Every structure is written in structure tokens, then in C-alpha cells.
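Peer 1: Using only what follows, build the 3D model:
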Amino acid sequence: MKLIKTQDAVGHVLCHDITQIIKGVTKDALFRKGHIVTEEDIPLLLSVGKEHLYVWENDESMMHENDAAMVLLDMCKNEHMSYGEIKEGKIELKSEIHGLLKVDRKALFTVNSFGQMMIATRHGNTVVNPGDKLAGMRIIPLVIEKEKMDKVRSLITSPILEIKPFVLKKAAVITTGSEVYKGRIQDTFTPVIQAKLAEFGCEMVYHAICDDDDKMVTEKINEALTQGVDIVLCTGGMSVDPDDKTPLAIKNTGANIISYGSPVLPGAMFLLSYKGEVPIVGLPGCVMYAKRTVFDLVLCRLLAKDVVTYEELCDLGEGGLCLGCDICTYPNCGFGK
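Peer 2: Next up, the predicted model:
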């Protein structure tokens, strides 16, 4: 690659795209990499402010921005992803399915701290749909040392990005509360849960309504498990009131309690446990009436069979405060980020 005056560029090969920006009209390549400059091109190049050009001069030790972008792409690409053409040295990955995006944050930091290169992604642990952008990547200079790209590639041993499909499809809902069990009020909690499950193609295949009796709740959870459900959701009975016994009922199933409580509002009284590979979840009353809660942050991960740890729940504290906006824009907001 060498730098020459635009007037002297006739017959030379451009080694990068030349972009034309007309406000409100276009932002696209006026000439593409590999274009051979002609006499007629000179006025157009000058009109976009290009009085000097980089033209191709072969150097086996250097890598062009387009080739380097493909190296970065290969570090990220995984199943259920596609990519388009390279434009101005940048390339983007898109999702092919409805699933949960996972980002290897340490590997991403490794690349971005290496210098002269960048990868920008969506937040991890978020839901993506077919056609959604996942990431964009490029190097900063026009060319980069091949040795540098080889070195960073050797540090990334598995794809930085992953999309997990939603594989849990059969749910049990255990509705608790004497007021519902004895018919004093209508059950308005279960329909909310069914609607949230349906967003991920998961169906309620088992439903039981229980009194505030921990033994009854434990019995119904175990009954649901014997019927082969993928996940058990217990609604209500999660506070410190003397009649709220759902946490005890879940514990008595022998489930491994990950956490009773979360640093998220709404959703502080949330309980997460596993019995074998099956999540058993205790949902506080806020899930019934609040637009978005801790349940929305965790459900997508559970249904993608993405194990949630105690440390990950603790990490939800920053960004765990829902602002309760009049017009909810979740997930396009700071909640859970």
C-alpha cells in the first residue's frame, strides 16, 4: 500500500472503499476496493474530499482490512448465525433463529484490548430474533500485520458468540394461596405466566391450585416432576408472611436452592432452585402485576437450558432497578443490563 496524489492515481488499484456521504440522501461506497481508477473518476474523488489515495502495493507481511474483518468474524461466528458483505472494512453478524444470545465477555475483552481492532456486540443473555444484528467488527487501520492477527486468533479458542435455542417446552404451574384455592378470588396469576411462556413456545402442561400448605405444594411439585415437565413455576406465597410457605415447599422437594432473594426490583423475593436439571422457581406476586420483573430477566435463560448461578443473580444488582416507565420499552432499556 502506498499514498499518492489523486491526480496521479489513474491506472492504480484502490485498496479500500471510498465512501460518499450526502446528508439525508446516502452513505455508501462511491468506489469499492479493487476499483481501477480512471481519468473520469478524478473529479468524483476530489468532490468527496479525496486529494490523496491509498493504492495497492503488495506486501506479504500485511493484511487488508477486509481480510482482517473475516478473521474477526471467524472468532465470533457460531451456529444459527449469518453474515452479509463487507462494507468499508466492516462486517456484521445476524441471527437466524429465535434464541438466547450468549457473549464470552473475557474473550471479547481480549480482542478489543489487543489494539487496532474492534468487535461490538449486543448485550449477552438477551433474546434475539431472526434477522437481528448480533455484532459488528473491523480493524481500525486500513492494513494490519498478519502476525498480529495470527496472534490474537490463537488466543480465542472457541466462538465469542453463541445462540441457544429455547428447548424447554413443557411447564408446570403450581398456583398457591388460600384465597384462590377456596374460590374467594379468581386466579389472575396463571394467565400471566402462560402468556410469558408462550413468547418462547413453551406450554403449560400441568396446573395445580394449592392451599397455603407446604406439604400440598411439595406433593404437587413432585407430581409434576413425575409427569416429565421441563420446568416448574410456583406462583405466590413467597413473602415473609406466616401463611407464605412456598420456599419451604420447594426446599422439601430436595431441590438445590440457588438463591432465595434477588437484587432486582420488582422481584426481590424470587427463588431459584434445581432438582436435577429441572428448574423449580418461586415467583413473588409482583410478577402478576408488574410489566417486567426479575422473572423476565431469568426466564429466557432457563428455557434455553442456560444454567443460572448464584453469582450471576447477584450480578443483576447493577441495572436491576426497573424504572416503571409509563410506556415500557423493555428489552430496549437499561433494565437487567
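Peer 1: Any idea how many residues pack against residue 136?
Peer 2: Residue 136 has 17 neighbouring residues, counting by other CB atoms under 10 Å. Glycine gets a C-beta too; all of them are placed from N, C-alpha and C.
Peer 1: What helix or strand is it located in?
Peer 2: Using DSSP states H and E, residue 136 maps to strand 133-139.
Peer 1: now for that strand, which elements pack on it?
Peer 2: Secondary-structure packing of strand 133-139 (3 or more CB pairs under 8 Å, 6 or more residues apart in numbering; DSSP states H and E): helix 65-76, strand 91-95, strand 117-121, strand 161-165.
Peer 1: Make a markdown table from these and add distance to residue 11 and mean neighbour count to it.
Peer 2: Shown next, in a markdown table, are the helices and strands packed on strand 133-139 (distance: least, CB to CB, whole Å; neighbours: other CB atoms under 10 Å):
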| stretch | distance to residue 11 | mean neighbour count |
| --- | --- | --- |
| helix 65-76 | 22 | 21 |
| strand 91-95 | 29 | 20 |
| strand 117-121 | 32 | 18 |
| strand 161-165 | 42 | 20 |
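Peer 1: So for residue 22, which of those sits nearest?
Peer 2: Of all these, strand 91-95 sits nearest to residue 22, with 22.7 Å by CB to CB.
Peer 1: Give the partner strands of that closest one in its sheet and their orientations.
Peer 2: strand 81-83 (antiparallel), strand 133-139 (antiparallel) (DSSP bridges).
Peer 1: mind listing what's buried in the first one?
Peer 2: What it means is strand 81-83. 81, 83 (16 or more other CB atoms under 10 Å).
Peer 1: One more: stretch 18-29?
Peer 2: 18, 20.
Peer 1: which residues are contacting it?
Peer 2: For stretch 18-29, the external contacting residues (CB atoms under 8 Å, 6 or more residues apart in numbering) are 17, 30, 31, 45, 48, 50, 53, 87, 88.
Peer 1: before we move on, what about stretch 2-10?
Peer 2: Residues outside stretch 2-10 that contact it (CB under 8 Å, 6+ apart): 12, 37-39, 41-42, 45-46, 50-55, 57.
Peer 1: helix/strand/coil for residue 97?
Peer 2: Following DSSP: H, G, I helix; E, B strand; the rest coil, the label given to residue 97 is coil.
Peer 1: Can you give me the distance of the nearest residue to it once chain neighbours are set aside to residue 119?
Peer 2: Leaving aside its sequence neighbours, residue 97 sits nearest to residue 80 (CB to CB, 6 or more residues apart in numbering; 4.6 Å). Residue 80 sits 18 Å away from residue 119, taking CB to CB, to the nearest Å as the criterion.
Peer 1: contacts for the host helix or strand of residue 46?
Peer 2: Residue 46 belongs to helix 41-47 when assigned by DSSP H and E. With CB under 8 Å, 6+ apart as the test, helix 41-47 has contacts from 6, 7, 9, 10, 18, 30, 31, 35, 37, 53.
Peer 1: from the contacts of stretch 18-29, which would you call buried?
Peer 2: Buried subset of those (neighbour count, 16+ other CB under 10 Å): 17, 30, 31, 45, 50, 53, 87, 88.
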